[in-house]
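Engineer: Have a look; sequence and predicted model below, questions after that.
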Amino acid sequence: MTESTIKLAVTRYRPGQDREPTVQTYTVPYHDDWVVLDALQYVKDNIDGTLSFRWSCHMGVCGSCGMMVDGTPKLTCAAFLRESYPREVRVEPLANFPVVRDLIVDIDDFMHKLSEVKPYIIREDLDSLPLGLGHELRQTPAELEDFKQFGMCINCMLCYSACPVYAMEPKFLGPAAIALAHRYNMDSRDQGRNQRMPVIGSSEGIWECTFVGECSVVCPKHVDPAAAIQRTKLATTNDWFKSMLMPWGNR
Amino acid sequence: MYKINTNEPFWWGLFMGGAGMIGMFLPVLILVFGLAIPGGAVPPASYDTVRLIHLLGQPASVGNLLVKVFLFGVFSLTFFHWAHRFRYLLFDLGLHGGRTAVEYLCYSAALAATIYTAVTLFVIA
Ligand code: SF4
Ligand code: FES
């Protein structure tokens, strides 16, 4: 019995060797429980050890295996071959990012933007807070609900890859960074909102977004960055009109 | 409070105000003036144009003034909604060079239409 196979059209780029990315097609065994990442691993182990790609957890948690699969940004550890079979699967590096090698993209821009929005709890009184058992900063289930969804982000950058605004304006802060800023702004334990708002409320922040919504469509964790951006627009607009009408009022 | 480097909330506020107006009142206006009246579902006497204009033209009545203010709100916000949309549509179509010029053009057009509306409602009618 002959084993069924599937074709994998992989974009390759070897700096110093290729002047431009080229497509190389590999034939790999087909199993209906294999994901694209399994097929790539098969190539690396059995056909071409120089093929380069990122991955770590193989279970949709680490966020490092994002690639374009048949033109859509996906986690390759969650994209099954059977979704394409018997057609060939097209695997490309994440769109909108510079390619380092083969399927590996340069994530510096995203990392920088992420750190700009300070995605961690900020407390002004951290030094004077009593620590230890019984001194937790408590939260009600309702307060947790306010931000939980936006904290599910695994920094996979699929949303940046899907965003047509980011494609046109690389300075745009982008979906995940804004969603994470929103997550900490909504956290009842946090006191850093006034530090984050000048960044996400700037002309390169939320205002670039035209509510295309593709970010929320491709997000594997249902973070809904588009909603985070809309809510932040509303909050910023409220603050702005308030500060215009009542310049004396400081919150 | 914090400071941001842009007036964007102002334009976005008008944009969303316009969205609300369009969402709430435009379907009604289309239903009444686009379908019900041409379709003959409304008795002619109740929408006679001359009479409607006459109603608007009585500034002595507070009720009429409120109608004017309401219509002014609906129309002006709708214009600014359009301006904001159109501005971003032009960006999306790739008109990237003259961002500031596009912004001036769009919002000036909305402002002009708003002034025209105000003059029509409060001065002429
Ligand atoms: S918001 Fe979703 S798509 Fe974007 S980086 Fe986070 S998990 Fe990935
Ligand atoms: S390998 Fe970790 S998310 Fe796919």
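Structural biologist: Okay, I see it. Ligands and ions are numbered 1, 2, ... in the order given.
Engineer: if I look at the most centrally placed residue in chain A, how far off is ligand 2?
Structural biologist: Relative to the mean C-alpha position of chain A, the nearest C-alpha, by C-alpha atoms, centre = their mean, is the one of A:Met157, at 2.7 Å. Distance of A:Met157 to ligand 2, given as C-beta to the nearest ligand atom, to the nearest Å: 11 Å. Where C-beta positions appear, they are placed from N, C-alpha and C, glycine not excepted.
Engineer: neighbours of residue 64, just the number please.
Structural biologist: Let's take chain A. Counted with other C-beta atoms under 10 Å in any protein chain shown, residues neighbouring A:Ser64 total 19.
Engineer: oops, I was thinking of chain B
Structural biologist: Counted with other C-beta under 10 Å, residues neighbouring B:Asn64 total 16.
Engineer: List the buried residues for the helix or strand hosting it?
Structural biologist: Mapping B:Asn64 onto the secondary structure by DSSP states H and E places it in helix B:62-92. Judged by neighbour count (16 or more other C-beta atoms under 10 Å in any protein chain shown), helix B:62-92 contains these buried residues: B:64, B:68, B:71-72, B:74-84, B:86-88, B:90-91.
Engineer: Can you spell out which helices and strands pack onto it?
Structural biologist: When contacts are defined as 3 or more C-beta pairs under 8 Å, 6 or more residues apart in numbering or on different chains; DSSP states H and E, helix B:62-92 packs onto helix A:164-168, helix B:8-29, helix B:49-56, helix B:99-118.
Engineer: Give me the average confidence score over the longest one.
Structural biologist: Right, the one you point to is helix B:8-29. When the per-residue pLDDT values of helix B:8-29 are averaged, the result is 93.
Engineer: which strands and helices sit next to that helix?
Structural biologist: Contact analysis of helix B:8-29 by 3+ C-beta pairs under 8 Å, 6+ apart lists helix A:225-245, helix B:62-92 as its packing neighbours.
Engineer: And the average pLDDT for the longest one is what?
Structural biologist: Confidence for helix B:62-92, expressed as mean pLDDT, is 89.
Engineer: what angle do it and helix B:8-29 make?
Structural biologist: Interaxial angle, helix B:62-92 versus helix B:8-29 (axes from the mean of the first three to the mean of the last three C-alpha atoms, to 10 degrees): 120 degrees.
Engineer: Closest residue of chain B to chain A?
Structural biologist: Proximity to chain A, evaluated over chain B using C-beta to the nearest C-beta, is greatest for B:Pro9 at 3.5 Å.
Engineer: Return the distance of the helix holding B:Asn64 from the chain's centre.
Structural biologist: Helix B:62-92 has its average C-alpha position 2 Å from the chain's average C-alpha position, going by C-alpha atoms, centre = their mean, to the nearest Å.
Engineer: what's the angle from that helix to helix B:99-118?
Structural biologist: In this structure, helix B:62-92 runs at an angle of 160 degrees to helix B:99-118, with the same axes, to 10 degrees as the basis.
Engineer: hmm, back to that, minimum distance to A:Phe80: which of the helices and strands packed on helix B:8-29 has it?
Structural biologist: For the helices and strands packed on helix B:8-29, the distance to A:Phe80 is smallest for helix A:225-245, at 24.7 Å, taking C-beta to C-beta.
Engineer: any bit of that closest one sitting next to chain B?
Structural biologist: Yes. Shown here: helix A:225-245 in contact with chain B (C-beta under 8 Å from any C-beta of the partner chain) through A:233-234, A:236-237, A:239-241, A:243.
Engineer: dump the residue contacts of the residue nearest to the centre of chain A.
Structural biologist: With C-beta atoms under 8 Å, 6 or more residues apart in numbering or on different chains as the criterion, the residues that contact A:Met157 are A:63, A:66, A:94, A:97, A:107, A:110, A:176.
Engineer: and those, which two are the farthest apart?
Structural biologist: Pairwise distances across the contacts of A:Met157 (C-beta to C-beta) peak at 13.9 Å, for the pair A:Gly63 and A:Phe97.
Engineer: can you list contacts of stretch B:26-35?
Structural biologist: Contacts to stretch B:26-35, defined as C-beta under 8 Å, 6+ apart, come from residues B:41-42, B:78.
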